[in-house]
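Student: The following block contains a protein sequence and its predicted model.
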Amino acid sequence: MAYALAKWNLGELYSSFDSPDLQAAFDNVEEQVTSFEGVRNKLNPDMDAETFLQVVHASEGMTRIVNKIHAFTGLSFASNTQDQTAQTYMARVQQFAAEMQNRTLFFSLWWKEVDDKNAERLMSAAGDYRYYLEAMRSFKPYTLSEAEEKIINIKDVTGSGALTTLYDAITNRYVFTLDVNGDSKELTRGQLMAYVQGADPDLRAKAYQELYRVYGADGPILGQMYQTRARDWHNENIGLRKFSSPISVRNLGNDIPDEAVDALLGVARKNTKIFQRYFKLKARQLGIPSGQLRRYDIYAPVAKSDKKFDYNDATRMVFESFRDFDPKIAEMAQRVFDQEHVDSEVRKGKRDGAFCWSVLPDMTPYVLLNYQGRARDVATMAHELGHAIHAMLASHHSTFTFHSSLPLAETASTFGEMMLTDKLLAEETDEAVRRDILFKQVDDAYATIMRQSYFALFEKQAHEMIQKNASVDELCAAYMDNLKEQFGDSVEIGDEFKWEWVSIPHIYHTPFYVYAYAFGQLLVFSLYRQFKAEGESFKPKYLKILAAGGSEAPAKILAEAGIDIRSAGFWQGGFDVLDKLVSELEKM
């Protein structure tokens with residue numbers, strides 16, 4: 001079957017915002033919540049396991065419908081962020097979900113208070129729900145009274161939730177102007193960033209300068225929004241909940257021990273030299289007289305390859321690279337396209353970048369791409385389909401346990417990219433293009449590992465500084481110092497990069513999310529090394545990691561594959577793979 005650029009079809013969720021089914025879904029949740037409120041008086045630590053499981057099932061039933069409503073609204077908004085109906089529904093759904101959450105809050109609060117002996121008895125009969133119930137109890141020390149929890153839920157709708165929606169609304173309507181060969185073009189951020197990866201050094205510089213001119217013009221306001229987000233995070237999580245540090249909140253949510261994250265970030269700091277060597281090599285490859293790369297040139301192609309990949313060819317290559325590993329995962333990837341769950345065309349008002357949204361275990365995930373035919377776009381396709389496959393392999397789990405925790409969420413996606421890279425290298429005969437592919441692999445590793453680790457280090461520092469009343473200018477200065485530590489003397493950094501941090505949505509939406517990327521990529525390098533060493537016998541072990549979804553703690557899922565995430569040695573293993581890659585490039 002031939003595939004063409006297309007919009008997705010959300011009909012499997014709801015046909016439109018006017019659909020009677022959508023209104024009925026809101027009503028249905030309302031009814032189920034009312035019925036759920038009735039179990040409040042039946043909850044007691046001595047209850048029998050069967051009755052307890054009925055309560056958990058009822059909770060899952062409501063969650064399923066809310067997930068569908070949320071996905072339909074979120075996906076509609078992503079496909080056109082300027083659509084006022086979608087905007088209105090986004091706000092309505094947030095408000096509705098918060099109200100429903102407040103009315104059902106009593107269950108999780110009760111569950112956290114059950115004595116250990118009864119909790120163990122009920123969990124041992126809970127089957128697939130066990131880990132979900134266990135993870136809920138781990139928040140017990142940080143949980144407040146029901147009245148306080150309700151106030152926080154309501155506050156978030158018009159507080160941090162509204163703030164991040166506003167950040168998106170402001171930054172998604174930015175238009176960037178770039179002069180290309182005397183022709184003035186108006187571009188989205190995604191289109192502008194294509195020039196950053198292009199062969200023309202002047203256009204690369206101009207694209208970055210334009211990006212940060214636009215963000216910098218609103219920089220003081222966006223910076224203030226970030227300060228508010230960080231203060232809110234601190235007030236709630238440190239002030240009220242008594243977490244030990246801002247990042248510990250995310251670590252507990254990810255169920256990753258603090259010491260594993262410290263080990264990861266510590267090892268990253270020790271390995272900056274690998275990428276500094278790489279950037280010096282890249283400067284030589286690009287023939288830069290000073291021998292020093294400009295920050296504008298980091299993602300520059302080393303070969304003047306303007307090779308474009310037709311969309312249908314791209315899908316074929318991705319499917320084939322997956323099929324070489326296991327035909328089952330290629331079939332899953334194909335299903336995403338065949339069910340029209342991919343939105344791939346570039347449109348004005350459409351959300352930039354790419355993502356995969358897994359709604360329910362028994363529903364094929366949705367994938368958003370902005371496909372422009374570059375090798376990088378093919379890699380992105382493989383990456384997002386990796387996410388989809390991960391969810392599909394875990395579809396035998398419950399709604400509460402099929403989603404993997406954040407740090408493992410990048411495993412299948414990054415592994416998918418590496419399989420594609422192998423395929424591209426095997427098929428490519430042109431030495432210049434091969435070199436470009438290998439350089440791109442290290443570019444991407446930089447973007448995923450070092451860049452994201454340093455974002456996390458900046459977030460830790462920024463949250464601390466904001467508590468000491470740091471100004472936006474002081475945060476800009478701290479960000480520049482962060483870049484200087486990362487690049488050493490290998491890269492020259494333009495002053496406009498002081499605004500880069502206000503252009504990173506993740507630090508607004510999901511504080512401390514970003515280390516999950518570094519975690520995922522280093523984990524995949526180590527897994528890939530095992531795959532190359534073990535061959536066929538590795539495959540079932542890898543597929544088992546994916547099929548676990550979020551049904552166990554990440555440390556436990558990985559321990560079964562012989563991996564200790566608390567050990568600095570394990571993380572160093574990922575950097576050793578990179579070190580070898582850079583050495584290979586130095587010899588070419």
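Tutor: Ah, there it is.

Student: all helices for the stretch 351-500 of the chain, in order.
Tutor: Here the stretch 351-500 of the chain has its helices, by DSSP state H, counting those that start in this stretch, at 375-393, 406-409, 411-427, 431-445, 451-467, 472-487.

Student: To Tyr299, which of the ones you listed lies closest?
Tutor: In terms of C-beta to C-beta, the element of the helices of the stretch 351-500 of the chain nearest to Tyr299 is helix 431-445, at 5.4 Å. Using the backbone N, CA and C atoms, a C-beta is placed for each residue, glycine as well.

Student: Tell me which residues are up against the worst-scoring helix or strand of the chain on mean pLDDT.
Tutor: Sorting the helices and strands of the chain by mean pLDDT, DSSP states H and E puts helix 431-445 at the bottom, at a mean of 86. With C-beta atoms under 8 Å, 6 or more residues apart in numbering as the test, helix 431-445 has contacts from 278, 282, 285, 298-299, 301-305, 307, 375-376, 379, 417, 421, 424-425, 428, 521, 525, 578, 581-582, 584-585, 588.

Student: re the thing from before, could the helices of the stretch 351-500 of the chain go into CSV alongside distance to Leu43 and mean neighbour count?
Tutor: Below are those laid out as CSV (distance: least, C-beta to C-beta, whole Å; neighbours: other C-beta atoms under 10 Å):
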stretch, distance to Leu43, mean neighbour count
helix 375-393, 32, 25
helix 406-409, 31, 25
helix 411-427, 37, 21
helix 431-445, 49, 19
helix 451-467, 37, 21
helix 472-487, 46, 17
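
Student: Arg323: which of these is closest?
Tutor: helix 411-427 (9.8 Å).

Student: Run the angle between that closest one and helix 431-445 for me.
Tutor: Relative orientation of helix 411-427 and helix 431-445, computed by axes from the mean of the first three to the mean of the last three C-alpha atoms, to 10 degrees: 170 degrees.

Student: thinking in terms of the whole chain, how far from its middle is helix 411-427?
Tutor: 19 Å (C-alpha atoms, centre = their mean, to the nearest Å).

Student: returning to that earlier point: make a markdown table out of the helices of the stretch 351-500 of the chain and add distance to Ala49.
Tutor: Listed next are the helices of the stretch 351-500 of the chain as a markdown table, based on distance: least, C-beta to C-beta, whole Å:
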| stretch | distance to Ala49 |
| --- | --- |
| helix 375-393 | 29 |
| helix 406-409 | 29 |
| helix 411-427 | 33 |
| helix 431-445 | 48 |
| helix 451-467 | 41 |
| helix 472-487 | 51 |
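
Student: From the chain's centroid, how far away is the least confident helix or strand of the chain?
Tutor: The answer for helix 431-445 is 23 Å, by C-alpha atoms, centre = their mean.

Student: Next: stretch 234-243.
Tutor: On C-alpha atoms, centre = their mean, the centre of stretch 234-243 falls 25 Å from that of its chain.

Student: which residues sit against it?
Tutor: 141-144, 148, 152, 245-246, 249, 252, 463, 466-467.

Student: so which of the helices of the stretch 351-500 of the chain comes closest to Lys270?
Tutor: That would be helix 451-467 among these, by C-beta to C-beta, at 10.9 Å.

Student: Please name every helix or strand in contact with that closest one.
Tutor: helix 219-234, helix 246-254, helix 258-270, helix 472-487, helix 505-509, helix 515-534 (3 or more C-beta pairs under 8 Å, 6 or more residues apart in numbering; DSSP states H and E).

Student: would you put the C-alpha positions of the last one in PDB?
Tutor: What it means is helix 515-534. C-alpha atoms of helix 515-534 as PDB (Å, rounded to 0.1, in the frame of the first residue of the first chain):
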ATOM      1  CA  TYR A 515      16.500  13.700  32.000                       C
ATOM      2  CA  ALA A 516      14.200  10.900  30.800                       C
ATOM      3  CA  TYR A 517      15.600  11.500  27.300                       C
ATOM      4  CA  ALA A 518      19.200  11.100  28.400                       C
ATOM      5  CA  PHE A 519      18.200   8.000  30.500                       C
ATOM      6  CA  GLY A 520      16.500   6.500  27.500                       C
ATOM      7  CA  GLN A 521      19.300   7.100  25.000                       C
ATOM      8  CA  LEU A 522      22.100   5.800  27.300                       C
ATOM      9  CA  LEU A 523      20.000   2.800  28.200                       C
ATOM     10  CA  VAL A 524      19.400   2.100  24.500                       C
ATOM     11  CA  PHE A 525      23.200   2.400  23.700                       C
ATOM     12  CA  SER A 526      23.800  -0.200  26.300                       C
ATOM     13  CA  LEU A 527      21.000  -2.400  25.100                       C
ATOM     14  CA  TYR A 528      22.100  -2.000  21.500                       C
ATOM     15  CA  ARG A 529      25.600  -3.100  22.500                       C
ATOM     16  CA  GLN A 530      24.100  -6.200  24.000                       C
ATOM     17  CA  PHE A 531      22.000  -6.800  20.900                       C
ATOM     18  CA  LYS A 532      25.100  -6.600  18.700                       C
ATOM     19  CA  ALA A 533      27.000  -9.000  21.000                       C
ATOM     20  CA  GLU A 534      24.100 -11.500  21.600                       C
END
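
Student: That concludes my questions; thank you for your assistance.
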